[in-house]
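# Quick one, fold the following:
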Amino acid sequence: MATDLPLSKIRNIGFIAHIDAGKTTVSERVLYFTGRTYKLGTVDEGTAVMDWMPQEKERGITIVSAATTVDWKGFTVNIIDTPGHVDFTAEVERSLRVLDGGVVILDANAGVEPQSETVWRQADRYHVPRVVFVNKMDKIGADFFASIDSIHVRLNAIPVPVQIPWGKEDDFQGVIDLIRQVAITWEDADGATMVEQPIPAELVEDAARYRDAMIERAAEQDDELMVKYLEGEELTEDEIRRGLRAGTVKMAIYPVFCGTALRNKGVQPLIDAITDYLPSPLDVPPVEGTDPRDESITMERAPDPSEPFSALAFKVVTDPFAGRLVYLRVYSGTGKAGATVLNSSRQGRERLGRLIQMHSNHREELEEATAGNIVAAVGLKDTFTGDTISAVNSPVVLESIRFPEPVVSVAIEPKTREEEEKLVDALVKLGQEDPTFRSSHDLETGQTVISGMGELHIEVIVDRLKREFRVDARTGRPQVAYRETITRPARAEGRYVRQTGGRGQYGHVWLEVEPLEPGSGIEFVNKIVGGVVPREYIPAVEQGAREAAQNGQLTGFPIVDIRISIDDGSFHEVDSSEMAFKMAGSMGFKAAIERARPVALEPIMKVEVVGPAKSIGDVMGDLQSRRAQVQGMESRGDLGIVTAFVPLAEMFGYATSLRSATQGRASYSMEFDHYSHVPQQVVESLTKRPASVGAR
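Below you'll find the model as predicted:
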């Protein structure tokens with residue numbers, strides 16, 4: 001990669017989609033056609049470069065986001081291939097946080113699927129412009145125009161076809177380029193040679209109609225082009241591209257392309273689209289941050305190599321050869337290998353050791369990393385996902401990355417006493433790599449409990465423990481991560497007084513608790529006036545209350561979505577201490593919670609089932625037996641689609657039930673949606689920290 005390349009020639013993009021839409025296959029074809037690889041890798045054969053983990057090869061899915069860099073017609077494109085499975089949504093979240101553009105890949109047979117909606121919303125949240133590639137045009141049931149409609153209906157977005165397909169299913173021959181008004185086919189099997197010819201007579205009318213619609217959308221994005229269009233002048237090819245690019249960058253429109261990556265058709269025009277329409281680092285507004293010395297001061301960092309250095313750590317991995325690798329998106333300035341930098345988030349100095357350009361799990365050494373690029377660094381010992389790295393003399397803290405809370409837990413224990421230490425070390429490393437993976441020690445049961453986003457997530461973690469860290473461990477049955485909250489405000493006193501001959505202990509507080517909106521977590525507010533509780537004891541009160549919130553009154557699971565306020569109390573000149581006020585905070589919190597009508601919460605999953613129309617009645621009956629709230633049912637050809645909200649506790653083993661109800665012809669997807677109150681009969685079946693998480 002040329003380090004002196006102008007920023008306008010750099011693209012930082014990601015492939016994002018529902019599972020099995022073909023992201024990794026598209027990535028492999030991009031590597032091949034840009035000359036990055038010389039052999040076509042396939043997911044089915046386990047030879048995909050971007051799916052390098054053993055667990056990915058065996059399951060045929062992407063588990064971790066893989067980064068690579070390719071060169072195409074004078075451009076450098078940094079690519080991140082992300083997972084499609086909802087259990088690994090954190091990989092998509094952290095990738096979108098640092099990308100400038102995205103390629104959303106749809107299965108031509110299915111259009112917009114549930115996880116497509118999820119990643120689309122994530123991309124909206126991070127303001128990531130996108131182009132769409134309708135893949136698998138050779139598949140039975142492929143329908144390009146139905147996929148376009150699904151973008152309108154399910155994503156509420158404006159798709160603009162820049163190509164239309166020439167044929168479909170077994171008759172898919174190529175694409176019609178609406179800008180250049182030519183038909184493109186790929187004659188040889190590896191798709192290296194593109195052949196252009198006039199548009200077939202049967203498609204001329206459709207091509208003209210879609211071209212007119214495309215030109216109108218392009219003209220709307222630019223005042224100068226709009227005037228020319230309204231005056232009846234013909235827009236040139238470059239002007240059409242300019243209008244489409246302007247609309248794409250501001251996320252007003254989404255250009256759509258099509259092809260079949262597995263058959264090597266449609267990939268080269270897609271790479272052209274990435275460079276033509278997706279933004280460079282210069283097209284993205286300067287990144288905003290705050291001054292770590294005063295968070296009220298906002299700062300901007302422009303994508304300029306001469307600006308002070310700033311970068312966001314978005315991924316940490318343990319590489320078997322290079323050691324601990326921290327992936328960085330450089331937003332401003334230039335970072336040189338060996339330089340000292342500041343971790344602004346943690347206020348510690350770090351050494352930017354070796355800098356590496358990653359190609360999946362292969363490495364290329366760099367002397368420096370400039371604004372706009374994505375690199376990996378060796379030597380950052382205390383830098384974690386979401387931390388900001390900046391120049392020592394010009395610190396800034398960039399917006400971090402938010403991750404969803406784990407919803408499934410299992411107990412885990414090593415098979416031998418000797419492996420206990422290895423297990424602890426491995427869990428720490430895995431926790432650093434994956435922000436949605438948690439491990440904790442349950443004091444009541446003496447067990448180590450690991451938590452993740454789903455059964456597959458936990459399964460992969462346990463597999464990695466065995467293969468990478470050589471820890472042989474037993475696990476228990478998956479358990480749901482329940483929560484508790486309160487339904488009304490309450491106020492209570494916490495008084496801790498001990499006299500033991502010498503100096504005693506005295507802590508006294510009044511705490512108020514009140515419910516907050518779902519997803520708010522825990523807020524602590526200091527309302528003390530007049531120093532009735534000295535300021536130095538307030539953090540101890542907060543710590544005591546927060547620790548008490550880790551064990552709820554009903555189920556023993558954490559209490560969430562509450563505000564805790566301290567508004568009164570008293571102290572003793574001699575006997576008061578931090579420990580006494582911590583105990584008083586804990587006692588006051590527990591007393592207030594008892595009066596606040598606590599309720600148990602359970603994770604509710606959004607489930608979509610797709611199967612033969614004749615089996616949908618059985619599917620609906622099974623879902624309703626699982627306490628499902630059916631949201632809707634629709635037909636797509638001879639398929640039926642059911643969407644429902646279902647408690648996670650009822651979904652364990654669902655794949656087996658669905659298979660037997662539909663003779664293996666249905667599939668489902670599931671993602672966390674929200675927490676909801678647990679019915680009383682279910683609460684009664686929950687004990688505090690259920691022993692059933694015990695290892696088997």
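
# rest of the way, CA atoms for contacts and neighbours
OK.

# Relative to G504, how far out is I538?
Noted for I538: a distance of 19 Å to G504, by CA to CA, to the nearest Å.

# out of these two, which sits in the busier spot?
Per other CA atoms under 10 Å, whichever of I538 and G504 has more neighbours is I538, with 20 against 15.

# what's near enough to touch that one?
526, 581 (CA atoms under 8 Å, 6 or more residues apart in numbering).

# Spell out which helix or strand contains it, please.
Element membership for I538, per DSSP states H and E: helix 538-548.

# the helices in the stretch 101-250 of the chain, which residues?
Applying DSSP state H, counting those that start in this stretch to the stretch 101-250 of the chain gives helices spanning 114-125, 144-155, 204-220, 223-230, 237-249.

# tell me the angle of the longest one relative to helix 237-249?
In this structure, helix 204-220 runs at an angle of 60 degrees to helix 237-249, with axes from the mean of the first three to the mean of the last three CA atoms, to 10 degrees as the basis.

# mind listing what's buried in helix 204-220?
Residues of helix 204-220 classed as buried: 207, 210-211, 214-220 (neighbour count, 16 or more other CA atoms under 10 Å).

# Turn those into a markdown table, including distance to E117 and pLDDT.
Below are those laid out as a markdown table (distance: CA to CA, whole Å; pLDDT from 0 to 100):
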| residue | distance to E117 | pLDDT |
| --- | --- | --- |
| A207 | 29 | 94 |
| Y210 | 25 | 95 |
| R211 | 27 | 95 |
| M214 | 24 | 95 |
| I215 | 27 | 95 |
| E216 | 27 | 95 |
| R217 | 23 | 94 |
| A218 | 25 | 94 |
| A219 | 28 | 95 |
| E220 | 26 | 94 |
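
# what's the farthest-apart pair in these?
A207 and E220 (20.0 Å; CA to CA).

# could you list every residue that touches S635?
Shown in contact with S635 (CA under 8 Å, 6+ apart): 613, 641.

# Around T236, count how many other residues there are.
Using other CA under 10 Å, T236 has 12 neighbouring residues.

# typed the wrong thing, it's T388
Using other CA under 10 Å, T388 has 28 neighbouring residues.

# Surely it touches F314?
No. Between T388 and F314 there is no contact under CA atoms under 8 Å: 9.2 Å.

# F403 reaches E93, doesn't it?
Yes. Counting by CA under 8 Å, E93 is a contact partner of F403 at 7.3 Å.

# mind showing which ranges of the chain have poor pLDDT?
For the chain, the stretches with pLDDT under 70 are 1-4, 37-66, 81, 83-91, 319-322, 358-362, 442-446, 500-502, 637, 687-696.

# quick check: longest strand of it.
strand 598-612 (DSSP state E).

# That one - which strands sit beside it in the sheet, and in what orientation?
Using DSSP bridges, strand 598-612 pairs in its sheet with strand 483-486 (antiparallel), strand 639-647 (antiparallel), strand 667-677 (antiparallel).

# how about the strands in the stretch 301-450 of the chain?
Applying DSSP state E, counting those that start in this stretch to the stretch 301-450 of the chain gives strands spanning 310-319, 323-332, 334-336, 339-343, 348-352, 355-359, 362-366, 368-370, 374-378, 388-390, 397-398, 408-414, 438-442, 447-452.

# SS state for the residue most central in space within the chain?
Central residue of the chain (CA atoms, centre = their mean): E93, 2.3 Å from the mean position. Recorded secondary structure, E93: helix (DSSP: H, G, I helix; E, B strand; the rest coil).

# Can you say which of the strands of the stretch 301-450 of the chain is packed in most?
Comparing the strands of the stretch 301-450 of the chain by mean neighbour count (mean count of other CA atoms under 10 Å), strand 388-390 ranks first with a mean of 29.

# Would you map the strands across the stretch 451-600 of the chain?
Per DSSP E, counting those that start in this stretch, the stretch 451-600 of the chain carries strands over the ranges 473-475, 479-480, 483-486, 490-498, 505-515, 522-526, 562-570, 598-612.
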